[in-house]
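**Student:** Sequence below, structure please.
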Amino acid sequence: MNNENSPARILVLDDEDRVRKIIGLQLEHEGYDVSLVDCGESAIEKLGGGDKFDLLISDIRMPGISGMEVLEYASEHCPLMPVVMLTGVVDVETAVNVMQSGAFDYLVKPVKRQDLLRATERALGYGRLVRYNRRLELENKRYQQNLESQVEDRTRKLSEALSQLRVVHMDTVRILSGAIEEKDPYIRGHANRVRHMAHHIAEALGYTPHQLDMFDFGALLHDVGKIAIDSRILNKPAPLNPDERKIVETHPLVGERIVSKVSYFSEIVPVIRWHHERWDGAGYPDGLKGEDIPQRARILAIVDSFDAMTSDRAYRLALSTERALDIIREESGYQFDPELVEVFFKEKTYELLFEGE
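**Tutor:** Residues are numbered from 1 along each chain as shown. The predicted structure follows:
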């Protein structure tokens, strides 16, 4: 990849000359180093050669090698490079497949300049953090290998590297959380309130400081997959239709894929994938049931639902706290783990709702 002080290198792939040139000019105007290619074969040749790119922006449907095939190649051979896909229509199956195949985001053509630049900034920011995290992990590994011969010096350096690594991880969380709230203003503060309540229950259950720290990260990032959901769906002022709901229900899987790129977060990947599972097995994405669902995901399901019910959404006003608590009680043993519901009420976790702002 490039020196952090040099312009980010972006490869733009689209078989339509006009679209390709417009996107290229808009990105060059922002100071990016842009390369344009008109077919999948040329893109793979660029990615497999000596050229290194910080971001790939690719059309999906093209003659010859498709954008999906280029995405698969990039995911395997350039795993640290984010990919943003372009689609000409809002095709539910295509959108779902794109995100599950490894794309960081997708845009619907014709692409507005503001949407293009925002998606580009988010993808490049995420790519920088992933690469920095990888470098620090390698340094950490080298320090551990040399500890026996230079214990004091290496211990100090290891401590510095780990401290630096934690800062990077927190930066990762802040960038991703901020990107989610930028797309859906109705959930502003939601992740932090959920973190606050989840932490309270976990502490009552005797979680260790390390487990609490990791659970905090998981709670803050539980909806990170919504980065890939079209803002028009997230902010729709009416109930979602079946196709839109299918897209929204991909966000735990997309979130799992995004977070799993940072090895430090491996412990919280199950929380992100399974926070929408139900105690009775009727949840998604895998239909897990009862104690097959990790405990942290079961805790998150309760506090996430409670905060969602007591917050305004684009399609409805907030429920009263009393009504939301009644629903939690009614769903005990159905949607929620009954033992954890008892803890939620015993510890009066719901009283912390507005302290997490």
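
**Student:** Can you show me the helices along the stretch 251-357 of the chain?
**Tutor:** Here the stretch 251-357 of the chain has its helices, by DSSP state H, counting those that start in this stretch, at 251-259, 269-274, 295-309, 321-330, 338-346.

**Student:** From the chain's centroid, how far away is the shortest one?
**Tutor:** A distance of 11 Å separates the centroid of the chain from that of helix 269-274, by CA atoms, centre = their mean, to the nearest Å.

**Student:** Now do it: which elements does it pack against?
**Tutor:** For helix 269-274, the packing partners by 3 or more CB pairs under 8 Å, 6 or more residues apart in numbering; DSSP states H and E come out as helix 209-220, helix 251-259, helix 295-309. Just so you know, the C-beta spots here come from the backbone N, C-alpha and C atoms, and that holds for glycine as well.

**Student:** export that helix as CSV, just CAs?
**Tutor:** What follows is helix 269-274 as a C-alpha-only set of coordinates in CSV (Å, rounded to 0.1, in the frame of the first residue of the first chain):
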residue,chain,number,x,y,z
VAL,A,269,-17.7,-11.8,16.5
PRO,A,270,-20.4,-14.2,17.8
VAL,A,271,-22.1,-11.3,19.6
ILE,A,272,-22.4,-9.4,16.4
ARG,A,273,-23.6,-12.4,14.3
TRP,A,274,-26.2,-13.6,16.8
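
**Student:** And for that helix, what's in contact with it?
**Tutor:** Applying CB atoms under 8 Å, 6 or more residues apart in numbering, the external contacts of helix 269-274 come out as 215, 218-219, 221-222, 224-225, 252-253, 255-256, 259-260, 285-286, 288, 293-294, 296-297, 300.

**Student:** so where's the stretch 151-300 of the chain shaky on pLDDT?
**Tutor:** 151-171, 174-175, 178, 181-186 (pLDDT under 70).

**Student:** again, 80 this time
**Tutor:** Along the stretch 151-300 of the chain, segments meeting pLDDT under 80 span 151-188, 262.

**Student:** Ok, which of the helices and strands packed on helix 269-274 comes nearest Gln100?
**Tutor:** Closest approach to Gln100 among these (CB to CB): helix 251-259, 6.0 Å.

**Student:** what distance separates that closest one from the centre of its chain?
**Tutor:** Counting by CA atoms, centre = their mean, helix 251-259 comes out at 5 Å from the chain centroid.

**Student:** Likewise for stretch 111-127?
**Tutor:** Taking CA atoms, centre = their mean, one finds stretch 111-127 lying 15 Å from the centre of the chain it belongs to.

**Student:** What are the buried residues along it?
**Tutor:** Neighbour-count burial for stretch 111-127, counted by 16 or more other CB atoms under 10 Å, picks out Val111, Leu116, Leu117, Arg118, Ala119, Thr120, Arg122, Ala123, Leu124, Gly125, Tyr126, Gly127.

**Student:** what residues go with each domain of this protein?
**Tutor:** 9-113, 184-356 (automatic domain parsing).

**Student:** Dump those domains into JSON lines; add distance to Tyr143 as well.
**Tutor:** Below are the domains of the chain laid out as JSON lines (distance: least, CB to CB, whole Å):
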{"stretch": "domain 9-113", "distance to Tyr143": "22"}
{"stretch": "domain 184-356", "distance to Tyr143": "16"}
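
**Student:** And Leu36, how close does it get to Glu69?
**Tutor:** Distance of Leu36 to Glu69, computed by CB to CB, to the nearest Å: 19 Å.
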